[in-house]
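Asker: My questions concern the predicted model and sequence given below.
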Amino acid sequence: MKNIKNDAGLLALALRLVVGWTYFSAFWRRTALANKLDPEAAGYIGEKFNAFLPNALGIKPLIQYLVENPDALWINMVIFTIIEGVVGLFIMFGLFTRIMSIGVFGLAMGILLGSGWIGTTCLDEWQIGVLGIATGFVLFLTGSGKYSVDNYLVKNNNTITQTKWFAWFGSGLIPIKESVFSKVVLFGSLFILGMTLMTNQVFHGGLWGALHNKSVKPKLEITEGKIVNNILSFDIFRTEGVDVYGAWVIGIELFDDKKSSILEYTQDDLAILKDKSISNYYVAKIKPGKHSLIVPLGAKAKLNLNNEVLATLPNGTYTLKITDISGAFWEYKIVK
């Protein structure tokens with residue numbers, strides 16, 4: 001039985017190397033290949049993290065706090081990147097494999113809960129998350145085998161391998177009774193399967209009902225609409241759509257109860273909208289683009305549109321309409 005358990009670490013070598021590189025490469029991309037930790041640079045990792053916010057599961061308050069506090073977000077992105085680098089490198093080399101496998105499990109759980117709903121074609125982030133969780137669990141059970149630093153330390157009778165905790169943190173036989181070990185494998189596997197099925201249903205309707213993919217079409221939520229004196233103000237929040245592209249707002253219109261147009265901002269007007277008219281809440285910014293108003297995924301802002309025609313409007317119910325370049329539009333009732 002001892003040989004079978006020891007061999008398991010060797011058999012998981014390909015898994016260890018690939019998942020290790022998966023996490024280490026995130027560190028490598030953000031530091032060596034491009035500076036994705038610079039808040040002022042294009043591709044800042046904090047803005048991608050902001051894209052997780054609209055439909056995150058269970059950890060939305062944490063994400064919202066971070067994207068509302070850029071300094072705290074930057075610190076956490078740096079720590080997160082360092083952890084990914086250390087976990088990935090140690091897993092590839094097979095050093096302290098079991099404790100690092102818990103890191104793999106935790107990082108994958110964060111990906112799953114934060115961004116498991118994102119993926120335009122193959123449910124990309126959900127697959128990465130659930131497979132990472134399963135991989136972390138398997139590597140904890142197997143440890144690392146022949147081709148690992150853990151094994152080198154054991155073969156050379158390094159002092160650290162003589163401690164009771166090394167089997168839990170490194171590799172080798174897990175000090176669990178055989179009768180209990182099989183139950184750990186079973187219940188751990190069933191838990192991970194349950195997490196997989198639950199998130200598949202919540203994020204994508206993958207078990208029953210209508211399938212849905214929140215990454216395909218843009219969606220804007222409009223709230224807090226008001227008309228006070230000569231200012232039309234409202235919040236817009238981009239909650240769905242492709243994460244690597246913005247929504248392009250080409251029209252903002254206000255209609256009275258007879259569907260007559262009261263106010264209209266065309267795409268040319270929105271492209272030159274002044275910064276003082278946009279108050280962003282998060283690190284992902286809504287801003288004027290060359291031909292429209294750009295609204296990234298996860299971005300939320302209050303728009304304040306100043307126009308003299310609003311000052312003379314009688315009390316009543318008005319309809320605010322926001323139109324995307326795709327032809328999609330969203331309406332919101334405002335009572336003055």
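Answerer: Nice, I can see it. Numbers count the residues shown, from 1 in each chain.
Asker: what residues are up against Lys226?
Answerer: By C-beta atoms under 8 Å, 6 or more residues apart in numbering, the contact list for Lys226 reads 232-234, 334. Every C-beta, even on glycine, is put in place using the N, C-alpha and C of the backbone.
Asker: Buried ones in stretch 47-59, by neighbour count?
Answerer: Buried residues in stretch 47-59, counting neighbours by 16 or more other C-beta atoms under 10 Å, are found at 47-57.
Asker: What average pLDDT does it get?
Answerer: In this model, stretch 47-59 has an average pLDDT of 96.
Asker: Quote the end-to-end distance of it.
Answerer: One end of stretch 47-59 sits 17 Å from the other (C-alpha to C-alpha, to the nearest Å).
Asker: Go ahead and name everything in contact with it.
Answerer: Stretch 47-59 is contacted by residues 60, 63-64, 66-67, 73, 77, 110, 113-118, 199, 202-203, 214, 237-240, 243, 282-284, 296-299 when judged by C-beta under 8 Å, 6+ apart.
Asker: from these, which ones fall inside helices?
Answerer: Here DSSP state H is the test, and those give 60, 63-64, 66-67, 73, 77, 110, 113-115, 199, 202-203 as lying in helices.
Asker: What is the burial count for the closest residue to Asn306 other than its chain neighbours?
Answerer: Residue nearest to Asn306 in three dimensions, not counting chain neighbours: Ile231, with 5.4 Å by C-beta to C-beta, 6 or more residues apart in numbering. When neighbours are counted by other C-beta atoms under 10 Å, Ile231 registers 15.
Asker: List the contacts of Ile231.
Answerer: Shown in contact with Ile231 (C-beta under 8 Å, 6+ apart): 304-306, 310.
Asker: do that again at 10 Å, thanks
Answerer: 277, 303-307, 310-311 (C-beta atoms under 10 Å, 6 or more residues apart in numbering).
Asker: likewise Ala34?
Answerer: Contacts for Ala34 (C-beta under 10 Å, 6+ apart) come out as 28, 41-43.
Asker: do that again at 7 Å, thanks
Answerer: Ala34 is in contact with Gly43, counting by C-beta atoms under 7 Å, 6 or more residues apart in numbering.
Asker: tell me the phi and psi of it?
Answerer: Ala34 has phi and psi values of phi -160, psi 150 when expressed as degrees, to the nearest 10.
Asker: Next one: the nearest residue to Thr266 once chain neighbours are set aside from Leu270, what distance?
Answerer: Leaving out its chain neighbours, the residue that sits closest to Thr266 by C-beta to C-beta, 6+ apart is Gly251, at 6.3 Å. Per C-beta to C-beta, to the nearest Å, Gly251 is found 8 Å from Leu270.
Asker: out of the two, which sits in the more crowded spot?
Answerer: Taking neighbours as other C-beta under 10 Å, Gly251 and Leu270 compare with Leu270 leading, 22 against 18.
Asker: what comes up buried for the stretch of helix or strand the more buried one belongs to?
Answerer: According to DSSP states H and E, Leu270 maps onto helix 267-271. For helix 267-271, a neighbour-count test (16+ other C-beta under 10 Å) marks 267, 270 as buried.
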